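[1] mind looking at a prediction? Sequence and model below.
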Amino acid sequence: MARYRNDPEAVRALVRPTEVHRDVYVDPEVFALEMEHLFANTWVYVGHASQIPNPGDYLTTEIGRQPVLMSRHTDGSIHVLYNRCPHKGVKIAAEACGNTGRFFRCPYHAWSFKTDGRLLAIPLKKGYEGTELDRKDAVQGLAPVAQVHIHREFVFAKLNRGGQSFEEFFGPSLSSIDNMIDRSPQGRLVVEGAPLRYMHTCNWKMLAENQTDTCHPMVAHESSAGTAVSVWEREAAKGGRKPMAVELYAPFMSPYEFFEKMGIRVWPNGHGHTGVSTSIHADYSAIPGYFEQMVEAYGEERAKAILDENRHNTVYFPNIMVKGPIQTLRVFKPLAADRTLVESWTFRLVGAPDQLFERTLMYNRLINAPTSIVGHDDLEVYERAQLGLQADGHEWVNVERLREPDETPDGTAVVNGTSERQMRNQFHAWVKYMTMTMTMDKGPARDGAAA
Amino acid sequence: MSAITEDDLVRFVYREARLLDEMRYEEWLDLFAEDGHYWMPAQWRQTDPRLQASLMYEDLLLLRVRVERLAGARTFSQKPRSRSHHLLQAPEVDEIDPARNLYRTYTPFHYVETRGDTKELYAGWARHELSVVDGALKIRLKRVDLVNFDAPFGSIQLFM
């Protein structure tokens, strides 16, 4: 029996100011409503323009559970289309990325479509003479998603019409993406290196919350980062320079005080980041030649300002995280209430020394790969949470840490770096976008009487 | 050490898998040369471990971190412990080059990693690049290419 469908009040009741009901993580009905509402009312990351540089290039992905493709049209424009032939429903593009030439061609009956989605041709068209096909959706071609916005080559889309504009939705949070781009002396990023894909048997929101959970590294990652530190301490006695890998691991073991001081900034609509004044990425060794390139490109003052911004994790609600100083972007793709595909992408800073990209790739495989010991630590606790939440002893998950009585929902604030404020921020946004398009209808289903 | 024979190389590959399956990780680490690496590419016919994405590209220091982590009291992802099983096809010897002190083998394998109630099967090809160091064969590079290197995996916690 439906407990949440058509009942925005029941959905609102899942989130209290300092607690979240377990159904947001475990209930298949809530998950289905997230796909219908939350992922349709928010601007969701689709891909980066550098992944489809040439006409005919495309990539395939999902917005929520909706299969979409992003293509580069012959005129250079970018289009986000539902990946479904309007004829019989066949997925038009099956590969993760590729080049389709001048048109997409369905492998079933050879209906073909221009790279902006418009219908190009139907074989044996005379079979439709005298029919009403011209008045059907099918002749519109591949359906475009309602709204697309490209911010400095980052492509976002929204499935629903209307609602918040891109600028209204992201507002000042775009500064984290901007900082990542500005770290290229040419102000340009390219996606390079295969994404690392890691299957998680847990709810997607556990990942989104963990990005600003600064009270877990010294606990959950004691096994990985802590061991790296202790092994290195023994090795260091023999002399030699601290390896890049140890530089990347060691800051995870920073004490609580470090994380308290680094700060968290929250923005409206569920976005926010850790690492306001400093972060675990602030003390990496300088890469020879890079600062000089930046000074030449931007002038010393601006170059310093860009490189001194060492934000840790920026969560773009609902389901991506960006690390500017490391040039990674992680997508938490929801597959089911208890199943999430995590894709971790890497960017090369165009014009910067190779060593920076080497560090980006190393960070990604040390922290985000299915073979990553840090990843093992995290996934273990997510999976245990997914199982533990079945227990009836408690129905609520606590997000109360450092709650202040005067917290304004949807505000902008900088707070103690161990606050759970950003988690509360995300759940405030969760309720908003879940219920935005949900109407109350608890009456007899579709009996004609109810409006 | 007398001249390295094909038989020496094949026995080395079998022994390495056996040490892993018997969880004799310290002895396994001893098989690596000081500058040895364990590499799991993430791309088809990958050529560069440094500027292309890999699942793993680890030197002896990082491998030692893994081995010590597996035994750690607060390694929660090893409660319960994982176990592994290697099924190797007979290794082919690709190169015996005493002049360059380079010996290469190619070993298709099936690998099972279990933990608790889960059991995952992986398949791929292991390539060993070995050298004689202080009279014993050592691993310069162990390269593990999975047949589905681009698929999303759950946690892979042990060594293939």
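    Ah, there it is.

[2] point out where chain A drops to low pLDDT.
    For chain A, the stretches flagged by pLDDT under 70 are A:442-451.

[3] let's check: the centremost residue of it is which one?
    Per Cα atoms, centre = their mean, the C-alpha nearest to the average position across chain A is that of A:Ile320, at 1.4 Å.

[4] measure the residue nearest to it when sequence neighbours are not counted to A:Asn269 for me?
    The shortest distance from A:Ile320 to any non-neighbouring residue, by Cβ to Cβ, 6 or more residues apart in numbering or on different chains, is to A:Tyr45 (4.7 Å). Quick note: C-beta positions are derived from backbone N, CA and C, even for glycine. Between A:Tyr45 and A:Asn269 the distance, using Cβ to Cβ, to the nearest Å, works out to 14 Å.

[5] more crowded one of these two?
    Set side by side, A:Tyr45 and A:Asn269 show more neighbours around A:Asn269, with 23 against 20, by other Cβ atoms under 10 Å in any protein chain shown.

[6] helix/strand/coil for A:Pro185?
    Secondary structure, DSSP: H, G, I helix; E, B strand; the rest coil: A:Pro185 is coil.

[7] residues in contact with the strand or helix carrying A:Phe357?
    Element membership of A:Phe357, judged by DSSP states H and E, is helix A:354-363. Contact with helix A:354-363 is made by A:192-193, A:244-245, A:248, A:284, A:287-288, A:290, A:326-328, A:346-349, B:50-54, B:57, as judged by Cβ atoms under 8 Å, 6 or more residues apart in numbering or on different chains.

[8] in ChimeraX, how would I select the buried members of these?
    Typed into ChimeraX, the line below selects the buried ones among the contacts of helix A:354-363, using 16 or more other Cβ atoms under 10 Å in any protein chain shown:
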select /A:192,193,244,245,248,284,287,290,326,327,328,346,347,348,349 /B:52,53,54,57
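
[9] where along the stretch 251-400 of chain A do the helices fall?
    Assignment of helices within the stretch 251-400 of chain A using DSSP state H, counting those that start in this stretch yields the ranges A:256-262, A:290-298, A:300-308, A:354-363, A:373-388.

[10] dump the first one to CSV, restricted to CA.
    Taking only C-alpha atoms (Å, rounded to 0.1, in the frame of the first residue of the first chain), the coordinates of helix A:256-262 have been written out as CSV:
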residue,chain,number,x,y,z
TYR,A,256,39.2,16.9,15.2
GLU,A,257,40.5,20.4,15.8
PHE,A,258,41.8,20.6,12.3
PHE,A,259,38.4,19.8,10.9
GLU,A,260,36.6,22.1,13.3
LYS,A,261,38.7,25.0,12.1
MET,A,262,38.5,24.3,8.4
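
[11] chain A contacts on chain B?
    Residues of chain B lying close to chain A (Cβ under 8 Å from any Cβ of the partner chain) are B:40, B:42-43, B:50-57, B:59, B:61-62, B:64-66, B:68-69, B:72, B:74-77, B:150-157.

[12] A:Val266: what's it in contact with?
    Shown in contact with A:Val266 (Cβ under 8 Å, 6+ apart): A:272, A:411-413, A:415, A:421-422, A:425.

[13] now A:Arg424
    Neighbour list for A:Arg424: A:17-18, A:399, A:403, A:407 [criterion: Cβ under 8 Å, 6+ apart].

[14] try 10 Å this time
    Residues in contact with A:Arg424 (Cβ atoms under 10 Å, 6 or more residues apart in numbering or on different chains) are A:15-20, A:266, A:272, A:399-403, A:407, A:409.

[15] looking at the residues you listed, which is nearest A:Ala305?
    A:Gly272 (21.2 Å; Cβ to Cβ).

[16] circling back: and the contacts of A:Val266, which are buried?
    Buried members of those, counted by 16+ other Cβ under 10 Å: A:272, A:415, A:421-422, A:425.

[17] can you count the residues close to A:Arg401?
    Counted by other Cβ under 10 Å, the residues lying close to A:Arg401 total 16.

[18] what of the one 5 residues further on?
    Using other Cβ under 10 Å, A:Asp406 is surrounded by 5 other residues.

[19] A helix includes it, no?
    No - A:Asp406 sits outside any helix when classified using three-state DSSP, being coil.

[20] what's the lengthiest strand in chain B packed up against?
    The strand that spans the most residues within chain B, counting by DSSP state E, is strand B:118-133. When contacts are defined as 3 or more Cβ pairs under 10 Å, 6 or more residues apart in numbering or on different chains; DSSP states H and E, strand B:118-133 packs onto helix B:6-21, strand B:32-41, strand B:82-88, strand B:92-97, strand B:102-115, strand B:136-146.

[21] alongside chain B, which residues does the stretch 101-250 of chain A contribute?
    Taking Cβ under 10 Å from any Cβ of the partner chain as the criterion, the stretch 101-250 of chain A approaches chain B at residues A:192-201, A:219-232, A:234-235, A:240, A:243, A:245-246, A:249.

[22] just the buried ones from the contacts of A:Arg424?
    Buried subset of the contacts of A:Arg424 (neighbour count, 16+ other Cβ under 10 Å): A:15, A:18-20, A:266, A:272, A:399, A:401, A:407.

[23] before we move on, the earlier item: using PDB, list the CA coordinates for the helix holding A:Phe357.
    The C-alpha trace of helix A:354-363 is given here as PDB (Å, rounded to 0.1, in the frame of the first residue of the first chain):
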ATOM      1  CA  ASP A 354      51.600  16.700 -16.200                       C
ATOM      2  CA  GLN A 355      52.500  16.200 -12.500                       C
ATOM      3  CA  LEU A 356      49.200  17.800 -11.500                       C
ATOM      4  CA  PHE A 357      47.200  15.400 -13.500                       C
ATOM      5  CA  GLU A 358      49.400  12.500 -12.200                       C
ATOM      6  CA  ARG A 359      48.300  13.600  -8.700                       C
ATOM      7  CA  THR A 360      44.700  13.800  -9.700                       C
ATOM      8  CA  LEU A 361      44.800  10.300 -11.000                       C
ATOM      9  CA  MET A 362      46.700   9.000  -8.000                       C
ATOM     10  CA  TYR A 363      44.200  10.600  -5.600                       C
END
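
[24] what residues sit buried inside the helix or strand that A:Ala228 is a member of?
    Secondary structure assignment for A:Ala228, by DSSP H and E: helix A:227-236. Buried positions in helix A:227-236, judged by neighbour count with 16+ other Cβ under 10 Å: A:227-229, A:231-232, A:235.

[25] got the angle for that helix vs helix A:373-388?
    The directions of helix A:227-236 and helix A:373-388 differ by 160 degrees, with axes from the mean of the first three to the mean of the last three Cα atoms, to 10 degrees as the criterion.

[26] can you pull out the residues in contact with whatever helix or strand comes next after helix A:227-236?
    Once the chain leaves helix A:227-236, the next helix or strand it forms, by DSSP H and E, is helix A:244-249. With contact meaning Cβ under 10 Å, 6+ apart, helix A:244-249 is reached by A:221, A:224-229, A:231-233, A:235-236, A:241, A:243, A:280-281, A:283-285, A:287, A:326, A:355, A:358-359, A:362-363, A:365-367, A:373-374, B:57-59, B:61-62, B:65.
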